[in-house]
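# sequence plus predicted model, see below.
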Amino acid sequence: MGTTLAALLMVSALSLAAGDAPDGGRWIDPRCAPLEITKYGPFVRNNDGALLVIDKNILRSSTDNGKTWSEGGAPIDPGIDIAANGHVGQFLKTKSGTIVIAFLDMSAYKWDWNNDTEGPNPGCKLELWTIRSTDGGKTWRDKQRLLDGYNADFMGFIQITSGRIVLTAEHLVPELRRWISCSFVSDDEGAAWKQSNWIDLGGHGHHDGAVEPTVAELSDGRLLMIIRTNLDKLWSAYSDDQGRYWRTIQPMTLDASSAPAWILRLQNGHLALVWNRLNPEGRTWPKSKGGGPTSEFPASWHREELSLAFSSDDAKTWTEPVVIARHPGDQLSYPYLFEAAPGELWVITHYGNVNPPLAVRVNEKDFLKL
């Protein structure tokens, strides 16, 4: 009896060491600290140190690192609805102080996929727009549509060293019945935009193709786009002309499920990446949804674990991926990264069935082998 109890206790201890929550719920790496925030991004740091967030369609500020937020405020635009689920909008503040928002117009949203034709019906609609403010959010102007038809979550919206704004987006093509990706660039603070070439990786289905791209600037000025696929890996695209065109497109060495990643260039020049890997640690995730309306071929939809890796050589190599959170039976997906202070990352997931969302603070030094 005593031997059996001791064995059970040993198994339990080993399971906890391997990263299992004692109640079967959410487990978080002990190097991560919970965030005391009540809004979940995206965030912008103002010149006075305050945090800015778009709460549905109202710009709010916080002077206590996200614990409380300003009240009141006028709606920005009826089409903006940046809530906690997904990545339907991003915003940034340029070096000269202009606030630029890119968003999917939720006021005219209509998802209309035809399973018989395995393609979208003509009324399928979710348009991509931008709008900007040059007076700190008091007034908004230059609203313009970048993509009509149906577009979905996007993870790349940055200002690079030259001052150019780069937006990466995906688009559902009715004739192809799959997603393709591209970028838009602006050299005048979001007043006008130019579109890049399309990136097409093939596939067939409403969750297939080149999906949900994210972007970062490299130390030599090139841009790196990382793309979600159903091909068991993240794919990369490189631009030598600051996002105007993408000429080098290839698979990465990083395995991945059918879920988006988020890449961020840190203030020290390193890259941080969060994503869902192809399989959970120690076992194989069954592939599914192939040959139907979702995907041409079976894919992994594993989203129970969120992994983190860093690169100090412009994505040539990455640190060994570390699972920072696990929640069996739930999703820890559609991640978001924000560098709140040098080397201090906020990691937040925007899809999951359990509230509150995963929201933790990570220090890069705690995950690097020095």
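Perfect, thanks for sending it.
# burial check on Ser70, number of neighbours?
Applying other C-beta atoms under 10 Å, we find 15 residues neighbouring Ser70. To be clear about C-beta, it is placed using only N, CA and C from the backbone, and glycine gets the same treatment.
# I'd guess it is in a strand, am I close?
No - assignment of Ser70 by DSSP: H, G, I helix; E, B strand; the rest coil gives coil, placing it outside any strand.
# what's near enough to touch it?
Residues in contact with Ser70 (C-beta atoms under 8 Å, 6 or more residues apart in numbering) are Arg60, Ser61, Ser62.
# what's near enough to touch the spatially closest residue to the first one that is not a sequence neighbour?
If you skip the residues right next to it in sequence, Arg60 has Trp69 as its closest partner in space, 4.3 Å away by C-beta to C-beta, 6 or more residues apart in numbering. Neighbouring residues of Trp69 by C-beta under 8 Å, 6+ apart: Thr38, Lys39, Val53, Asp55, Arg60, Ser61, Ser62.
# ok, Gln195 next?
Leu146, Cys182, Ser183, Phe184.
# ramachandran angles for Lys365?
phi -60, psi -30 (degrees, to the nearest 10).
# so it sits against Gly343, correct?
Yes - in terms of C-beta atoms under 8 Å, Lys365 counts as a neighbour of Gly343; the distance is 6.2 Å.
# which of the two has more neighbours?
Ranked by neighbour count (other C-beta under 10 Å), Lys365 and Gly343 place Gly343 first, with 17 against 10.
# quick one: that one and Phe367 touch, right?
No - using C-beta under 8 Å, Gly343 makes no contact with Phe367, being 10.4 Å away.
# which residue ranges form the helices in the stretch 1-150 of the chain?
2-18 (DSSP state H, counting those that start in this stretch).
# circling back: among the contacts of Trp69, name the ones in strands.
When DSSP state E defines the strands, the subset of the contacts of Trp69 inside them is Val53, Asp55, Arg60, Ser61, Ser62.
# now distance to Arg283 too, for the residues you listed, in TSV please.
As requested, the ones in strands among the contacts of Trp69 are exported to TSV (distance: C-beta to C-beta, whole Å):
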residue	distance to Arg283
Val53	38
Asp55	39
Arg60	42
Ser61	45
Ser62	41
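# of these, closest to Pro120?
Asp55 (30.7 Å; C-beta to C-beta).
# returning to that earlier point: just curious, which of the contacts of Gln195 is nearest to Gly292?
Cys182 (26.7 Å).
# helix or strand: which one has that closest one?
Using DSSP states H and E, Cys182 sits in strand 178-186.
# likewise for Glu339?
Going by DSSP H and E, Glu339 is part of strand 333-341.
# can you mark which positions in that strand are buried?
Ser333, Tyr334, Pro335, Tyr336, Leu337, Phe338, Glu339, Ala340 (16 or more other C-beta atoms under 10 Å).
# distance check, the fourth one against Asn353.
So the one you mean is Tyr336. Going from Tyr336 to Asn353 by C-beta to C-beta, to the nearest Å gives 18 Å.
# ok, which stretches of the stretch 101-250 of the chain are strands?
Per DSSP state E, counting those that start in this stretch, the stretch 101-250 of the chain carries strands over the ranges 113-114, 119-120, 128-133, 141-147, 156-159, 165-173, 178-186, 194-195, 211-217, 223-228, 233-239, 248-255.
# how close does Trp285 get to Asn276?
According to C-beta to C-beta, Trp285 stands 10 Å off from Asn276.
# how about Asp220?
From Asp220 over to Asn276 the distance is 29 Å, taken as C-beta to C-beta.
# next one: Ile54
In terms of C-beta to C-beta, Ile54 sits 26 Å off from Asn276.
# okay, those two: which has more neighbours?
Asn276 (28 against 25).
# secondary structure class for the closest residue to the more buried one other than its chain neighbours?
Nearest residue to Asn276, sequence neighbours excluded (C-beta to C-beta, 6+ apart): Ala259, at 4.2 Å. Assigned with three-state DSSP, Ala259 falls in the coil class.
# what stretches of this protein score poorly on pLDDT?
Applying pLDDT under 70 to the chain flags the ranges 1-24, 84, 370.
# ok, now with 50
Residues of the chain meeting the criterion pLDDT under 50: 1-18, 370.
# circling back: of the ones in strands among the contacts of Trp69 - the most surrounded one?
Counting neighbours by other C-beta under 10 Å, the top entry in the ones in strands among the contacts of Trp69 is Val53, with 22 neighbours.
# hmm, back to that, tell me what the strand holding Cys182 is packed against?
Using 3 or more C-beta pairs under 8 Å, 6 or more residues apart in numbering; DSSP states H and E, the elements in contact with strand 178-186 are strand 165-173, strand 194-195, strand 211-217, strand 223-228.
# any chance of JSON lines for these, columns distance to Met155?
What follows is these, written out as JSON lines (distance: least, C-beta to C-beta, whole Å):
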{"stretch": "strand 165-173", "distance to Met155": "7"}
{"stretch": "strand 194-195", "distance to Met155": "18"}
{"stretch": "strand 211-217", "distance to Met155": "4"}
{"stretch": "strand 223-228", "distance to Met155": "9"}
